[in-house]
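Novice: Sequence first, predicted model second:
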Amino acid sequence: MMNGPKTKKRLTKSQLTARREKTVAFIVLAIAALLFVFPLIYMLGTSFKSDFDLQMHPDKIFPSPGQWTLKHYNGFFITHSGELDNMPKWMLNSIWSTAAAVGLTLLTDLIVAYVVVFLRWKGKKVFMKALFAWMAAPAVIGTAPGLMIYQTVRNALGVSSQAGTYALVYFWMIVPGITGVFNVILMRNFFKTIPVDIIESAKSDGASHFTIFRKIVCPLAKSTMMVIVLFTFSASWNNLQGPQLLMAGEGQYIQTITVALAESYGGSSAWGAQGVSMATAVFSMIPVLIIFIFTQNKMIEGLAATGVKG
Amino acid sequence: MKYFENSVRDENLIARRRQRAKEQVSAYALLSPFIIVFVLFSLLPFVMGFVYLFMKYDPYNLEATQFYGLKNFETLFNTENSMSKEFWESFGPVTVYALCTFPIGTIVAFVLAYFVNMCPPGYKFFRACIYLPSLVSISIAGIVFCNIFGPSGSGLLNSWFGTNIDWLGGKPFQDDFLRWVIILIVCVWLGTGGNFVIYAGVLKDIPKSLYEACEMDGGGRWRKILHVTLPGMKSTLSLTMFGVIVGMLSLYGQPYVLNTIENENILVGPMMWIQKYLTAGLEYAKLTGYICAAALVLGIISAVLGLIQRIAMADRNHGDKYCAAYAKYSDLKAQSVKYKGGTK
């Protein structure tokens, strides 16, 4: 804003270059942003099209006048003979499991990072080395045995009812994810930037570790927490492969919205359900969007500050 | 007197030691949930992967489980076996795809980050827009892009241009060029955001003085990018590229959702192969050991690729010398200014 064009002073050469650069950047970014958001706008528009419009005007992004409808969203609000439709069930499955995953991950990361950075104990170096080594280990090796262990546990417990299966599948979906090493290291890197003097002075004032954790460290770590929330939220909400493995062969009631979208409406299955599939997709985007709007600025700062040096 | 002092010191020492011990115990107590979950759900499956390799493991009939030696590998490397053949063939499309996405994805993210770093008006909004798709799930991307590239009756592009192109049909290595282009587009659409934000963050951290120094030496825009920007981003570039490589080898979701009915069973990546046979039910559960062997091969390949790429990036460090030289130069300059000007 300093070199704004309002002053009629003659601009120096470098100022002119800077202005030209900014114009070019603006144009390029505007086009890129439009391209990147366009599919989402198209998704939103199509979800409001009536069936007639879907058939007659596939070339339009938004419905023609008079053809707007909320019909495709009906599945979320109308109950069939007292029972919820599948869509709200999928949505609830996704919401609670994602919330649990995010909460547990955040708690674990905070505690582990605190213990690693601010407590003195034997074996710390070995522990950190193991974590870093684990980052390079290809996780794919564990997929098949993981599933086998799941099935063994399931057989051993004798789970056969719907409720039991549901509980076990969701347990298996949520719990293994909370030990994501990347997030722990992200948090630990941030904690390392907190000056030790603050902690020491708090200690000499008689503060316990719990108080320090709650009153000093957690408030400071807000932006890193935002990054982790956003990462975990989107990863857990969008997780397709893992849940698909666990849910293979189970009923639709158990699916999360992401799995359901891929299996019921994805790719080849989208025939004849364009409107409904788009509406479901829009609906499943809403929580992610909300989180994004709240975290995006902090997230970008946090990424720049901590995520980079890994 | 002396005795008294000593006992105080001893008491202090004991108290401190006791506190140390307490700290140690509480550290282990706090870590234990993490360690238990990690060992049970991450480490144990990983280790079991190496055990199953050498076994014929049947989860439904544990008595039939037996030591199998290297037979699983023999089957895997025997291309006359139809499953093994499928596995090795699935590397083909994914390799071609990797060679394309790798540079394109990195360049797109870098160019956008470069422009965002100029901070034109509204750059925060654009930044959010470009990052947004990386939060979209693969299922949604599949639905939207299948509609955009759908057949002429419902597809957006086909009806815009009045064409009838079968974008998503086609078998691997025959007429599936368009499908790969679309998968590439979707991957760039989904994957650019994260790298883009990271690059933008690093670009911001590169000191302005380096650019100025380069300018004084008569370096133009390209010189600046080549000798200041890229060296400054070296470690980040290599880090994100590692992620891209591993991500490409485990390509699963995109081809799964971007599909047509006729193509449903075509495998385009080793990850799809693993997933397919793991979810295929009873019949294939007997092949767990064999699938583990395949997973190990895939894991080793991705680890080796990552290693090669890290070494390659680490060796090309002549850029660092420039960076260091410029840093030294600008440091000296700053010091001399300080001496002359003093504090304000």
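Specialist: Here it is on my side, so go on.
Novice: which residues of the stretch 1-150 of chain A score low on pLDDT?
Specialist: Applying pLDDT under 70 to the stretch 1-150 of chain A flags the ranges A:1-11, A:76-84.
Novice: in it, what residue is nearest chain B?
Specialist: Closest approach of the stretch 1-150 of chain A to chain B (CB to the nearest CB) occurs at A:Pro138, with a separation of 3.3 Å. (Glycine included, C-beta is placed from N, CA and C.)
Novice: That residue against B:Ala303, yeah?
Specialist: Yes: contact criterion CB atoms under 8 Å: A:Pro138 and B:Ala303 qualify, at 5.4 Å.
Novice: for the residue of the stretch 1-150 of chain A closest to chain B, phi and psi?
Specialist: phi -70, psi 120 (degrees, to the nearest 10).
Novice: And B:Gln66, by the same measure?
Specialist: Main-chain dihedrals, B:Gln66, degrees, to the nearest 10: phi -150, psi 160.
Novice: Is it bridged to anything, and to what?
Specialist: Note on B:Gln66: beta-bridge partners by DSSP bridges are B:Lys56.
Novice: was I right about it contacting B:Met55?
Specialist: Yes: counting by CB under 8 Å, B:Gln66 does reach B:Met55; the two are 6.9 Å apart.
Novice: For B:Leu203, give me its contacts.
Specialist: Contact analysis of B:Leu203 by CB atoms under 8 Å, 6 or more residues apart in numbering or on different chains lists B:113-114, B:117, B:229, B:232-233.
Novice: go with 7 Å
Specialist: B:Leu203 makes contacts with B:113-114, B:117, B:229, as judged by CB atoms under 7 Å, 6 or more residues apart in numbering or on different chains.
Novice: How about A:Ala273?
Specialist: Contact analysis of A:Ala273 by CB under 7 Å, 6+ apart lists A:Tyr265.
Novice: Distance of it relative to A:Val282?
Specialist: Using CB to CB, to the nearest Å, we find A:Ala273 at a distance of 14 Å from A:Val282.
Novice: what do you get for A:Asn74?
Specialist: Distance, A:Asn74 to A:Val282, by CB to CB: 13 Å.
Novice: And those two? Which one has more around it.
Specialist: Taking neighbours as other CB atoms under 10 Å in any protein chain shown, A:Asn74 and A:Val282 compare with A:Val282 leading, 20 against 13.
Novice: What strand or helix carries that one?
Specialist: helix A:274-302 (DSSP states H and E).
Novice: and what of A:Ala202?
Specialist: In the assignment (DSSP H and E), A:Ala202 maps to helix A:196-204.
Novice: who does the helix or strand just after that helix touch, helix- and strand-wise?
Specialist: On the C-terminal side of helix A:196-204, the closest following helix or strand by DSSP H and E is helix A:209-211. Using 3 or more CB pairs under 7 Å, 6 or more residues apart in numbering or on different chains; DSSP states H and E as the contact test, no helix or strand touches helix A:209-211.
Novice: make it 10 Å
Specialist: For helix A:209-211, the packing partners by 3 or more CB pairs under 10 Å, 6 or more residues apart in numbering or on different chains; DSSP states H and E come out as helix A:86-118, helix A:196-204, helix B:2-38.
Novice: Tell me which of those helices sits most buried.
Specialist: helix A:86-118 (a mean of 20; mean count of other CB atoms under 10 Å in any protein chain shown).
Novice: what about the closest residue to B:Arg20 other than its chain neighbours, which SS state?
Specialist: What sits nearest to B:Arg20 in space, not counting adjacent residues and going by CB to CB, 6 or more residues apart in numbering or on different chains, is A:Arg120, at 6.8 Å. Following DSSP: H, G, I helix; E, B strand; the rest coil, A:Arg120 is assigned to coil.
Novice: Let me see the backbone angles for A:Arg120.
Specialist: Dihedral pair for A:Arg120: phi -100, psi 120, per degrees, to the nearest 10.
Novice: how far is the helix or strand hosting B:Glu283 from where the chain is centred?
Specialist: Using DSSP H and E, B:Glu283 sits in helix B:282-285. Centroid separation between helix B:282-285 and its chain, computed with CA atoms, centre = their mean, to the nearest Å, is 31 Å.
Novice: Would you indicate which residues of the helix or strand just after it are buried?
Specialist: Using DSSP H and E, the next helix or strand after helix B:282-285 towards the C-terminus is helix B:288-315. Within helix B:288-315, the residues scored as buried using 16 or more other CB atoms under 10 Å in any protein chain shown are B:288-299, B:302, B:305-306, B:309, B:313.
Novice: circling back: between A:Ala273 and A:Val282, what contacts are shared?
Specialist: Common contact partners of A:Ala273 and A:Val282 (CB atoms under 10 Å, 6 or more residues apart in numbering or on different chains): A:His72.
Novice: one step back: and of the helices and strands packed on helix A:209-211, who's closest to A:Leu16?
Specialist: helix A:196-204 (46.9 Å; CB to CB).
Novice: how distant is the closest one from the center of its chain?
Specialist: Taking CA atoms, centre = their mean, the mean C-alpha location of helix A:196-204 is offset from the chain mean by 35 Å.
Novice: and that helix, what does it pack onto?
Specialist: Using 3+ CB pairs under 10 Å, 6+ apart: helix A:196-204 touches helix A:86-118, helix A:209-211.
Novice: average pLDDT across that helix?
Specialist: Mean pLDDT, helix A:196-204: 87.
Novice: again, but for stretch B:230-243
Specialist: Mean pLDDT, computed over stretch B:230-243, is 74.
Novice: Surely B:Met48 and B:Phe41 touch.
Specialist: No: B:Met48 lies out of contact with B:Phe41 (CB atoms under 10 Å); the separation is 11.5 Å.
Novice: tell me, what's touching these two both at once?
Specialist: A:142, A:146, A:149.
Novice: which stretches of the stretch 201-344 of chain B aren't confidently modelled?
Specialist: For the stretch 201-344 of chain B, applying pLDDT under 70 flags the ranges B:239, B:242-243, B:260-267, B:310, B:312-344.
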